[in-house]
Every structure is written in C-alpha cells, then in structure tokens.
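Q: What follows is a protein structure lacking sequence information:
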C-alpha cells in the first residue's frame, strides 16, 4: 500500500460527511511579522496592540486573511488535491478574532455534489469551519471545487446543489466583541475617510503595485501549510511556471487597497470570489475597489461596507472588469466581494 | 475627491508644523527573526537575551537599525512620497532600546525649507522622533529631502535652513540605562578586539559579501511598512528596475561589518549619511569601515567609536571612496557616519 | 593586524581542544514561523501547542532541525571557514527539546586529526554540543571536515582518527521527557500509518517537489547565522553560482518526507550523512526514504524508526542512489541516516 496521500476523488465525497483536517497550528508573532513582510499590509488594528486596544479589542489580532489562509491551507490535502478548478466562495464569516498564541484547526462538511455531464469530474461543495483551541469557530465559509473522478465508470451520485446566499445579509455580520470606533484616531489610522464618505457605486483605484517574485509567493503559501505541488514544483506544469496560490493574490490586493480604504479595518464576511485568471511570478499586481453596499451595525461607531476588490495585471488605472460576452478581461486576476467594518 | 494619498508637495510644508505619522506598530520576536534572516546580523546583544542581560540590559533589544527602519518607514507617506532625492541625515540619536512587544509610532517636525533656484522643487528638513507606547522618544534624527512642487507658480517660502551639527558630540551620546561592559565575554561576542585596539584612521575591509535578490529587499522594505512604489513596482521606472530602499543597504553593510567590528555592539548616533549610488537586485554588496574618532563614556567599561561605514558593489578590497572632482566613485552605494558603543 | 576572522587552518586544531563558539542566540516564535515559511514542514508536534501538549510535552518545541541548524551555524567560523569539504556526520543525538525563548550556544571538542597525503590539507573531527541557557546539552553530533593548511610545510600532527559508531544504538536514543503517544490523534497528525505499518526495506517516494530560489536558501542560511561566503556571494565561485547550504537541503527533504512519514514526528539521532552533490538555485528537489531499522523504546506508545532520507534533483520517482563503482548518482543531493520517534 502506498503511504503517500493520493487525495480524495469526486466519488469519495458524500453529502453530510464531516472531514477533520490535519495539523492544528499555533500562530503567533512570527506569522504576524511574516504577513507584514509578504504584503504591504498597514491596517492599524492588525499592526498595533495600542491602536487595537483603543478600539476595544484585547490587543492586536492576527490579520483576518492570515486566519483565512491558515484555515484554508489545512483543507487542501482533503479537498483540492485533485481539483481541476476552484470555482467559488460563499457565506464566509469571521466570527472571532484570532490572537497570537491561538491554535487553529479546520473541519469541512460536504454540503453538495454534482457530477459533470462528461462523467469524468464533478463539483463538490464544502462548508469549512476554522476552530481555535477552545473549539470556538473563528471563521467559516463555503467553497466549491471541480474534482476529478478516480474512475469515470463510477456511478453518479444524486445531484445535490446547496442554496447559497448571494451575499451575507448585514444582520448576519458578526462584529468582534467589544469593538468600538467612537474614539477612532483617523490620523494614526492613515486616512480621514469615514463610512459616510463612501458612496455606493464609487470606484477607488489603489494606485500602488507590486511585482511578484517566486520566493515570496512560495514563502506565503508554505506558511499556510498549503503544499499543493503546482505552487512549488516548476517541473509540474508543462509551461514550467509555478501557479501562484489564489490567496496570495487576495492578500496582495487587500493590502494594496489600504491606499484609499485604510479605514476598512476588519473583514467580517466573504460574499463571493473568483480567481479570474492565473497569476505568475513577474506579474505586476494592481488593485481597485468598488463600493457595493453599506450597512449599519449595532456596535458603537462601527459601519459595514461591502466592497468588490479587483486585482489585475493590466495598465495603471485600468478598471475594466469584463469584456465581450461577460467574460473576465484577460488582465483580471481576482474579483472578490466582501464586507468590512469601518468607523462611522 | 480622490481617496488615495497624493503625498505632500514642497509648498505643503511649513516650518514648525508637526506631522503625526500613521500606523503605530507593535514589534516583537517575529521582526527580530526576520531581521536575522534578511541580514547576516550577528551582534551578540541583539541575538541573545542571556548575553544582553550580562551586559546589564532587560534582555535582548531589537536591533538598533530595525527600530530606525520602523520609525523611518512611517514617515514615507508624509515626507518622501514626492521626493526626488533623499539628501542627508544628521543629529540622529538612539535614546532608549526597543524591546519585543513595544509599539512604535513616529512624528516629524518641519525644521527648514529652501526652494531650489529652478522653482520646481525644494528641500525640506524634518526632525523625526520615534516614540514607544509610553510616549518615550526611542530615537530621533534629522533628514532632508528634495520634494517636487505641486505648482511651479506657487510662491517660494522664506528660505530657512537649519544649522545642523556635523557630528553628534560625545557628550550628547545616550548610553542605554544599565549598560555595563566590565564583564563582557569577548569569546561569545565573536572577536577579541576592544575599543583600545582600534586606531583613528584605521580602515577595516569586512571581507564578506552578499548578492542582493528582489524578494529579499522587498520583504525587508515592506516589513518596515515603507511602501514607496519605486521599490516594488517593476513597471514604475523606465529601466524596469526596482530601486532598493537605502535602508536595506545600510542594514546589509552594518551586518557585514560584524567581521572586524563584532564588538561595535550598539549604534547610538547617526552623524550623517549619503546614498551615493542606487542599488539594484543582482548587485553584490561589500563593506569597509574607517575609524573616524573615539570617545569615552560614563558607563562602566563602555567606549564610543565613531565609524564611517561604506557599502559598495566594486571588487573585493576596493576601498576607494571618491574619484575625480570629489564625487563618489560609481561603485560606492553608501557612506554612513555613526557612533557605536564598544567594550573598553 | 587584520581584525577580520581568517578562520582556523588544519595546523590550528589539536586533539582535546575545546572551542567555545560565538554568539549565543535566543530562538522564539519568529524562527518557528520562518521555518514553516521556508520549508513545507507539517509535523503536528512542531506545529501545534495543543497537539504537543496531548503528547506529553510542554507545548510545541522548535523543530528538531531548526535546533540543529542554529547549533551548527555557530561552528562555521571556527570549523569550516577554510574547509574544502564537509565529509560526514556521526553520533548525533537530540537530548532535550528546544522551546521558544531558549538561548542556544555551541561548543566543539576536537576529537581527531589526520593530515592528507598531499600535505596541503587534513581532516578534522569535532564533537559539537549545543547548550541552552541552563547549560543543558540539547543536542550533540560529530562531524568531520577537510581543512586547508595555512602552511604546507607545517609538520603533520600525529594521526588520531576517532572510532565512531556507524549507527546510534537504540539503547542510546533519548526520548523527550514525558513523551507519550498512547492517545496520539492520527487524524490530526495527517496520516494513519503507525510504527507497525512500516517494514524494514520499504521505500517511500514522497511525491512532492520544490524548486529552489536564491532568496529562500539565503534567508534560511542567514537565519542560522551561518555566513559562509560561498552561500551568499555570487562572485565568489568561478561559475557565478551560490552553493546552497547543505542543511537547507536536509530541511527541505525532511519536510517533503511528511507525505508518507507524517508520523515520524521527532528526530532523535543522526547516524550519518553525505552531501552527495552540490545544490543550486533552480534545482527541483524531491525526496524518498528507506526504512533501515526499527526499535522499541521505553516511552508509552513510542517506537523508533531508522530512516534513510535521500534528496535528489532527478525525475519524479527515481530512487536510484548510486551508480557504477558505488558512487552517488549525479542527481542525488543528500543521503541522510537518522532515527525518528513514531507512534506504535
């Protein structure tokens, strides 16, 4: 019997199954420093204990996307080792900040399967939960992937496609306990723009750009213990290129969006997202955002803002999203839809 | 109104203005580890809690230049976003060690302005202070930069150029509280040479060299939350090269200088410095030092040594500094003048 | 007198001499995070405080090889600065886990010398010990290197070659105090295979691969304060290539071996090892293991497994070790022989 992990194939997933993913991980100041070295992240709450404490938190939590990547990375050996494509995200919510010293693990429940018409692959829907050392859920999200079948002749399972919310309803957003923006220091945060200054439909070009290096995306991807071969082995793809983990592009774009959205402090929901085109080393990544919606919250001084975050490798200022036929333009890398918290 | 930061232009600076820079930052063991990964830093006080404690400190502080870069990085969006050139440093002093867990922020006071004769730019002089979470000043320095005008027709401000000390006087050096080198362990520190072994005028070629990589200088520069586009965006300059943050060269040269100056433990003053030529990935950086002066201090067993630190990308052993007409030789990257503390 | 370190030459070593290596180093969460970013390390004990505590330890120690590299790095300026070749390892034992916050230093005793017949170099054998802040030995190993003579005319010392064990006897393995695998969670650890599932002679191809980047091996090597020029200075070798520190290949291979050996949790002995061929940036590193032996231990639920770990840059699945004449095949980088602890 081979001892290496062959990964699961489409016919191995059954709706209702719960997969306990391997390798709990204690995250601390080291992961925080690396996050700041890998991305131009400057959000004040995730940078300063002092600033975070003045906003009512127990010191500075680890970046919301850092928590996401750690939770996501654990699912790769069980969910996407034989995936052909990462198709989408939905119903993502951050439920509790992660602090240095916390230990994270992940569990996924299979919530849907649908064989493709060609019979060689199918879509698998999972709801993943990240838990801390006290078994509290720190975040959850749904993703669906297209997975190869081991045996094309295996019978198709009953089609079962979950109903997923197009967007997390404002009433379902969870504001971290204690968060209070009434004494928010806009000067220390880096920009004067508050929730009321943003209009639905407004587009913000974030101006800055980063040219991607092989060493950097590999350091990032390993840090989340995501070891999918395609990111690390230059001999794996026929073109000799290492495909960059989509989460690297998410974090890069989010960090670039500081310039214009410095006060969109904490991500609390992921409504959806598409990795529109692959990203490779040498690409220069830029980002723009569109304000999709706004909502109030019960927390003092805290508003919610729904943003589309687009990463692209096109010319500065190019905010084209889709071309003819509604397909993503070829320079677009990422189209992400999320809710963040912002001072009123 | 655009929400991204356009930066300040020459006419936006007024002598006396105090700018509170954004994004306080908590620094800890992660930043220390990254500093050791990015530079061949081996100073025993900044490496070992035990060694530092035997020298009278409360454990191992974060590297003096790490503190400098964090403080400096915060000033970039307000001071040098529209800078044409970084012209000089003066009157830099380290006033208090920074320990893991400290939160740093920066403030700058405009202390001088002088419009250039062509009317399109001018020099701005600022005194920057780095403060910790208790509002104690941990370091301060003056730097001056040439900044573009937004509008060439804007009236020139009254010329006001500050008198700056050519060198920090020995009496003004601040030795960290408690520092005591009377039981200094030269063997563990790595070299037997003490303060008395160095002669003014002596030149030390540090022998070692490092070839610079894009990924490394970007990791370093982001770590200090210095997000100036020119360091990250390969499409920004016409030649397609990313300019390396001058501070990366400073730290690289200082770390290389361990070989011959292992006991120049703590930097306490920055007398001046010039980034003589730009540095790019692929350059192989070497360093040499010249002993410029020596002074005693009141602390037990502690002497001060004033050093010129030169980084260059020339041949091994080439200690040429300037060529015809007194201009820096084309292979010289950095000419830095600082005071360090050394056991007697 | 030159102040830089010229290193020791063959005639400087005398059997019985003890060399106290410089620069004690405090290691913490930052080094742990960097280790996870540099290598695809996923061992659960070294990843999670929680998992480690359930195995009877005081939280998650730092990776066994991280401790090895820190201890080894300190010896470079005294042992291998003038080395022509790193010839072998023997009698390596891990005696005590290293925890975040510990301070490590190294000492080496010269245990053998043997001049080569050509008279220009000789082999030096040292037993190195890594000690923590309480002067407890955390690991020890023997290595021997070929070192140049300063002066070929210097008289040859009496030949004194130590008798070294070919393999650390099972009775000499030190299991960390408190280690207990009776409630081991195989699901969280990542694989179901236990000690009893492995057969002597079994070969495991670890499937995964990583293409090596200059920035990454330099970050790693500096992190261990190993500053041998050949790893950093692209102008040093005539071919313009930076030789990768052999320890980088060891850690890469060990991390790749997770896929098939996830439960070979802790390395407790290094029986021997050879760096068969040099490794350079651009090489794609793969690994395979062979089960060489198995032994029981006194600790509850804990077995020992002796493994050959081979790193190579050949085709996927190529498990050739040696070619004609018993020489290592040209694609083989590393042949390492170690004992690890595994749940029964």
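A: Arrived safely, thanks for sending. Only a predicted model underlies this, so the values are computations on that prediction, with no experimental measurement involved. Numbering: from 1, shown residues only, chains lettered A, B, ... in the order given.

Q: Wait, a helix at residue A:248?
A: Yes - counting by DSSP: H, G, I helix; E, B strand; the rest coil, residue A:248 is found in a helix.

Q: which residues does it contact?
A: Going by C-beta atoms under 8 Å, 6 or more residues apart in numbering or on different chains, residue A:248 touches A:212, A:216-217, A:220-221, A:279. (C-beta placed from N, C-alpha, C; glycine too.)

Q: Which of the residues you listed fall within helices?
A: By the criterion of DSSP state H, membership of those in helices covers A:216-217, A:220-221.

Q: what does the stretch 101-250 of chain A have sitting close to chain C?
A: Proximity of the stretch 101-250 of chain A to chain C is assessed by C-beta under 8 Å from any C-beta of the partner chain, with A:101, A:103, A:105, A:133, A:213-216, A:218-220, A:222-223, A:225, A:227, A:229, A:232-236, A:242 identified as the residues in range.

Q: Just the buried residues of these.
A: Taking 16 or more other C-beta atoms under 10 Å in any protein chain shown as the criterion, what is buried in these is A:103, A:105, A:133, A:213-216, A:218-220, A:222-223, A:225, A:227, A:229, A:232-234, A:236, A:242.

Q: okay, now whatever residue of the stretch 51-200 of chain A ends up closest to chain B: neighbour count?
A: Among all residues of the stretch 51-200 of chain A, residue A:190 sits closest to chain B, at 3.5 Å; criterion: C-beta to the nearest C-beta. Using other C-beta atoms under 10 Å in any protein chain shown, the number of residues around residue A:190 comes to 24.

Q: helix, strand or coil for residue A:51?
A: Following three-state DSSP, we place residue A:51 in the helix state.

Q: That one against residue A:60, yeah?
A: Yes - using C-beta atoms under 8 Å as the test, residue A:51 is close enough to residue A:60 to be in contact (7.3 Å).

Q: what is in contact with those two at once?
A: By C-beta under 8 Å, 6+ apart, residue A:51 and residue A:60 have these common neighbours: residue A:45.

Q: what lines up beside the helix or strand bottoming out on mean pLDDT in chain A in the sheet?
A: The element with the least model confidence among the helices and strands of chain A, by mean pLDDT, DSSP states H and E, is strand A:83-94, at a mean of 93. Strand pairing for strand A:83-94, determined by DSSP bridges: strand A:137-148 (antiparallel), strand A:266-275 (antiparallel).

Q: Other residues contacting it?
A: When contacts are defined by C-beta under 8 Å, 6+ apart, strand A:83-94 is touched by residues A:64, A:67-68, A:80, A:121, A:123, A:127, A:138-148, A:164-166, A:168, A:172-174, A:246, A:266-275, A:338.

Q: check contacts around whichever residue of the stretch 51-200 of chain A sits closest to chain C.
A: Distance from chain C to each residue of the stretch 51-200 of chain A (C-beta to the nearest C-beta) is smallest for residue A:103, at 4.5 Å. When the contact criterion is C-beta under 8 Å, 6+ apart, the partners of residue A:103 are A:24-27, A:132-133, C:48-51.

Q: Emit the PyMOL select command for whichever of the residues you listed are buried.
A: Once 16+ other C-beta under 10 Å is used to decide burial, the buried members of these can be selected in PyMOL as follows:
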select buried, (chain A and resi 24+25+26+27+132+133) or (chain C and resi 48+49+50+51)
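
Q: May I see the contacts of residue A:103 organised as a markdown table, with distance to chain B added?
A: Supplementary listing: the contacts of residue A:103 in a markdown table, determined by distance: C-beta to the nearest C-beta, whole Å:
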| residue | distance to chain B |
| --- | --- |
| A:24 | 20 |
| A:25 | 15 |
| A:26 | 13 |
| A:27 | 11 |
| A:132 | 20 |
| A:133 | 20 |
| C:48 | 18 |
| C:49 | 15 |
| C:50 | 20 |
| C:51 | 21 |
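
Q: Make CSV from the contacts of residue A:103 and add pLDDT and distance to residue C:109 to it.
A: Rendered in CSV, the data for the contacts of residue A:103 read as follows (pLDDT from 0 to 100; distance: C-beta to C-beta, whole Å):
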residue, pLDDT, distance to residue C:109
A:24, 98, 40
A:25, 98, 39
A:26, 98, 36
A:27, 98, 40
A:132, 98, 47
A:133, 97, 43
C:48, 98, 37
C:49, 97, 35
C:50, 96, 39
C:51, 98, 37
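
Q: Tell me which entries of the contacts of residue A:103 lie within strands.
A: Counting by DSSP state E, the part of the contacts of residue A:103 found in strands is A:25-26.

Q: The residue of the stretch 1-150 of chain A found nearest chain C sits in which helix or strand?
A: In the stretch 1-150 of chain A, the residue that lies nearest chain C is residue A:30 (2.7 Å; C-beta to the nearest C-beta). When elements are assigned from DSSP states H and E, residue A:30 belongs to helix A:29-38.

Q: report the angle between the axes of that helix and helix C:29-38?
A: Interaxial angle, helix A:29-38 versus helix C:29-38 (axes from the mean of the first three to the mean of the last three C-alpha atoms, to 10 degrees): 60 degrees.

Q: Could you pick out the residues of the stretch 201-344 of chain A near chain B for me?
A: A:204-211, A:213-216, A:219, A:259-262, A:284, A:316.

Q: same thing but 10 Å
A: The stretch 201-344 of chain A has residues A:202, A:204-219, A:255-263, A:281-286, A:289, A:313, A:315-316 near chain B, with proximity defined as C-beta under 10 Å from any C-beta of the partner chain.

Q: Please pick the buried ones from those.
A: The buried subset of those - by 16+ other C-beta under 10 Å - is A:204-219, A:255-263, A:281, A:283-286, A:289, A:313.

Q: Return the subset of those lying in strands.
A: Per DSSP E, strands hold the following members of these: A:204-211, A:284-286, A:289.

Q: could these go into JSON lines alongside pLDDT?
A: Written out in JSON lines, the entries for those read as follows (pLDDT from 0 to 100):
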{"residue": "A:204", "pLDDT": "98"}
{"residue": "A:205", "pLDDT": "97"}
{"residue": "A:206", "pLDDT": "97"}
{"residue": "A:207", "pLDDT": "94"}
{"residue": "A:208", "pLDDT": "95"}
{"residue": "A:209", "pLDDT": "97"}
{"residue": "A:210", "pLDDT": "98"}
{"residue": "A:211", "pLDDT": "98"}
{"residue": "A:284", "pLDDT": "98"}
{"residue": "A:285", "pLDDT": "98"}
{"residue": "A:286", "pLDDT": "98"}
{"residue": "A:289", "pLDDT": "98"}
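
Q: Identify the farthest-apart pair in those residues.
A: Maximum pairwise distance among those (C-beta to C-beta): 21.6 Å, between A:204 and A:211.

Q: follow-up on the earlier one: filter the contacts of strand A:83-94 down to the buried ones and hand me the PyMOL line.
A: Buried members of these, identified by 16+ other C-beta under 10 Å, are gathered into one PyMOL selection as follows:
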select buried, chain A and resi 64+67+68+80+121+123+127+138+139+140+141+142+143+144+145+146+147+148+164+168+173+246+266+267+268+269+270+271+272+273+274+275+338
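
Q: related to what we said a few turns ago, please tell me I have it right and the residue of the stretch 1-150 of chain A closest to chain C contacts residue C:66.
A: No - the pair residue A:30 and residue C:66 fails to qualify as a contact (C-beta atoms under 10 Å) at a distance of 11.9 Å.

Q: Touching both of the two, which residues are there?
A: Common neighbours of residue A:30 and residue C:66, using C-beta atoms under 10 Å, 6 or more residues apart in numbering or on different chains, are C:31-32, C:34-35.

Q: which of those residues are close to chain A?
A: Near chain A, by the rule C-beta under 10 Å from any C-beta, you find C:31-32, C:34-35 out of the shared contacts of residue A:30 and residue C:66.

Q: Do I have it right that residue A:269 meets residue A:68?
A: No - between residue A:269 and residue A:68 there is no contact under C-beta under 10 Å: 11.5 Å.
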